[in-house]
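[1] below are the sequence and a predicted model; questions follow.
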Amino acid sequence: MFILGNLFMTLAKVVDVVLTISYWLILARALISWVNPDPFNPIVQFLERSTEPVLERIRRLLPPMGIDFSPIIAFLGIMVLKSFLVQSLYDIGLRLKL
């Protein structure tokens, strides 16, 4: 059973890294939106392409407002997933190892 436990613990680490990278990409996009970035800049294009699928889904759920609250909602969702999902996967892996 320790192999399955190691699998769950590795999965928890991978999910944690993916969520952390997503957090920083969304933060960078939110910060760069304050300065009217050049839309043809490759970094700006990468940030938009990598974060827009998540932020667009959140925008569809929120009522129309003057301010875009989707990054804040995404941050909260990432924190919940890191606290609940990652920790649960890690705990399952730890119990299977014993």
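    Right, received. Where do you want to start? Residues are numbered from 1 along each chain as shown.
[2] ok, residue 90 touching residue 9?
    Yes. Assessed by CB atoms under 8 Å, residue 90 is found in contact with residue 9 at 5.9 Å. All C-beta atoms are positioned from the backbone trio N, CA, C, and that covers glycine.
[3] identify the residues contacting the host helix or strand of residue 43?
    Using DSSP states H and E, residue 43 maps to helix 42-61. Helix 42-61 is contacted from outside by 22, 25-26, 28-29, 32, 37-39, 68, 70-71, 73-74, 77, using CB atoms under 8 Å, 6 or more residues apart in numbering.
[4] of those residues, select the buried ones using a PyMOL command.
    Restricted to buried positions by 16 or more other CB atoms under 10 Å, the PyMOL selection for those reads:
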select buried, resi 22+25+26+28+29+37+70+71+73+74
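[5] now for the contacts of helix 42-61, which pair is the farthest apart?
    38 and 77 (29.2 Å; CB to CB).
[6] stretch 11-19: which residues count as buried?
    Applying 16+ other CB under 10 Å to stretch 11-19 flags 11, 12, 15, 16, 19 as buried.
[7] can you say which helix or strand has the third one in it?
    Just to be clear, that refers to residue 15. Going by DSSP H and E, residue 15 is in helix 2-32.
[8] got the angle for that helix vs helix 42-61?
    Using axes from the mean of the first three to the mean of the last three CA atoms, to 10 degrees, the inter-axis angle of helix 2-32 relative to helix 42-61 is 100 degrees.
[9] what packs against helix 2-32?
    Counting by 3 or more CB pairs under 8 Å, 6 or more residues apart in numbering; DSSP states H and E, the packing neighbours recorded for helix 2-32 are helix 42-61, helix 70-81, helix 87-97.
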